[in-house]
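Asks: Show me the folded form of this:
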Amino acid sequence: MAFRIHLLFITTILFLLSFYDANGFVTNQKQLRIASFSWQNCGPSSDPIQIRSLSVTPDPIQVPGNITIDLSVNVASTIPDDIHVAVTMERKVGGFFVKIPCIDNFGSCTYGDLCKDWAEVCPKYFEKYGIPCSCPIPPKTYAVQDASFPITGKLPSVSDGDYRITGDLASSTAHLGCIKLQIALKG
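Replies: Next comes the predicted model:
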């Protein structure tokens, strides 16, 4: 379960949740370079979770290896304990973005009960930055500087192309936030 939330965080920050400020990515078969990267909050400005800044290094990212994340997130109201995230991953094919299906928790997947998973992962990686490790999460601007994460497993093989990854956070009663990444990978 801790690996799932760690992978979720990496895919949501790396793919979604930061697929990058870096310029490269190595799969288990070949090295890919990130030709372009951009991110944006995709929900309304009234969403209680707004990412203010995001960067991921090194360039290129090595698998296995470590990534370093700098992240600033403004939480405007208390985040409840029943949050889930819907990740939509798409690849551009013939001028149109096509949804990548959820296979083995990779692709366009929905992850529920994030507070439980967060409580398992947070103490190891985020507690030292003053980020609460249990829900509800109080309002505050949270910052992570030079946070290093190991990538020890193999990520699914990806190919050259343009990708769009969206992470949409919600609770049972409200929309909480959304981030959209656009990445162009070149071999």
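
Asks: tally of neighbours for I83?
Replies: 23 (other C-beta atoms under 10 Å). Quick note: C-beta positions are derived from backbone N, CA and C, even for glycine.

Asks: How much space separates it from C178?
Replies: Distance, I83 to C178, by C-beta to C-beta, to the nearest Å: 13 Å.

Asks: Could you tell me which residues touch both of the two?
Replies: Shared between the contact lists of I83 and C178 (criterion: C-beta atoms under 8 Å, 6 or more residues apart in numbering) are residues L169.

Asks: pLDDT at G107, what is it?
Replies: If you check G107, the pLDDT there is 90.

Asks: biggest helix in this structure by residues?
Replies: For the chain, the helix that runs over the most residues, judged by DSSP state H, is helix 114-125.

Asks: C-terminal to it, what's the next element?
Replies: Beyond helix 114-125 in the direction of the C-terminus, DSSP states H and E gives the next helix or strand as strand 140-151.

Asks: What helices and strands are in contact with that following strand?
Replies: Judged by 3 or more C-beta pairs under 8 Å, 6 or more residues apart in numbering; DSSP states H and E, strand 140-151 is in contact with strand 65-75.

Asks: Report the buried residues of stretch 37-49.
Replies: Along stretch 37-49, these residues count as buried under the neighbour rule (16 or more other C-beta atoms under 10 Å): 37, 39, 41, 43, 47-49.

Asks: Show me what the longest helix of the chain is packed up against.
Replies: When contacts are defined as 3+ C-beta pairs under 8 Å, 6+ apart, helix 114-125 sits against helix 2-9.

Asks: Show me which positions of stretch 74-94 end up buried.
Replies: Per 16+ other C-beta under 10 Å, stretch 74-94 contains these buried residues: 74-76, 79, 81, 83-85, 87-91.
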